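>>> sequence unknown, structure follows:
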């Protein structure tokens, strides 16, 4: 099975801080990459796609490093509402199957 | 604005019972998926349907069957439930194409005693 690895955390971070976590993938032929957010006992929701040149959406920045086969997610000025599990997802491109990481749990503390 | 609708939301079964989980999407998506999520693990693909009329096995298909009834509906059947199938089941749909996200239903929490 192709692997997508994430630090499970939890990352305990004070409100307003910046936090970053990485995700490594094993298949160098992987073509598309995503970060999803999952709140406790809820369905995953797309946070952002990750583009080769990196991309930013408000307080969130995603980066792709193909040479080292990892993607990263940076959250600036963290809010209490950012507390969730962040799932790294990779599409290897050969079929319709996404490979999901087990997630990194983030807890923002007041 | 329903998106992906799954029924039921909760179910308790006894070992050996059968049941069908229902999934419907109203976004005119071609591809549909069934996943299971267990504690500490990523979502694992059970079956998927790239388009109406086709279904394919994912990573963990044993003990399950699926039917793509039409473009909107994709059902998952457990013929003889086992305790190892206790999990949260998610249905998802997607516009087929590069870099397209998947949209999920609320999930079905299934316990098998």
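Thanks, I have it. Just so it is clear, the structure is predicted and the values come from calculations on it, not from any experiment.
>>> near chain A at all, the host helix or strand of residue B:92?
Assigned by DSSP states H and E, residue B:92 belongs to strand B:87-94. Yes - applying CB under 8 Å from any CB of the partner chain, one finds strand B:87-94 in contact with chain A at B:88, B:90. The way it works is simple: take the backbone N, C-alpha and C, and place the C-beta from them, glycine included.
>>> quick one, strands of chain B?
B:4-7, B:10-13, B:19-25, B:31-37, B:44-49, B:56-57, B:64-68, B:74-78, B:87-94, B:103-104, B:108-112 (DSSP state E).
>>> Please report how far the nearest residue to residue A:28 once chain neighbours are set aside lies from residue A:3.
With CB to CB, 6 or more residues apart in numbering or on different chains as the criterion, residue A:28 has its nearest non-adjacent residue at 6.2 Å, and that residue is residue A:69. According to CB to CB, to the nearest Å, residue A:69 and residue A:3 sit 10 Å apart.
>>> Check residue A:51 too.
22 Å.
>>> same check, this time on residue A:65
Where residue A:3 is concerned, residue A:65 sits at a distance of 17 Å (CB to CB).
>>> likewise residue A:34?
16 Å.
>>> Show me which residues of chain B are close to chain A?
B:31, B:33, B:35, B:40-45, B:48, B:50, B:56, B:58-59, B:88, B:90, B:96, B:98-99, B:101-107.
>>> Give me the buried subset of those.
B:31, B:33, B:35, B:42-45, B:48, B:50, B:58, B:88, B:90, B:101-107 (16 or more other CB atoms under 10 Å in any protein chain shown).
>>> And stretch A:87-102, what's buried?
A:87-92, A:96-102.
>>> ok, back up a step: more crowded one of residue A:34 and residue A:3?
Taking neighbours as other CB atoms under 10 Å in any protein chain shown, residue A:34 and residue A:3 compare with residue A:34 leading, 23 against 12.
>>> Could you pull up the residues touching the more buried one?
A:46-50, A:88-91, A:98, B:101 (CB atoms under 8 Å, 6 or more residues apart in numbering or on different chains).
>>> Count residues in the vicinity of the residue nearest to residue A:28, would you?
There are 15 residues near residue A:69, going by other CB under 10 Å.
>>> how close does it get to residue B:41?
21 Å.
>>> what does residue A:25 give?
Applying CB to CB to residue A:25 and residue B:41 gives a distance of 16 Å.
>>> do residue B:24 as well
26 Å.
>>> quick revisit: ok, of the buried residues of stretch A:87-102, which one's closest to residue A:40?
For the buried residues of stretch A:87-102, the minimum distance to residue A:40 (CB to CB) is 13.2 Å, reached by residue A:87.
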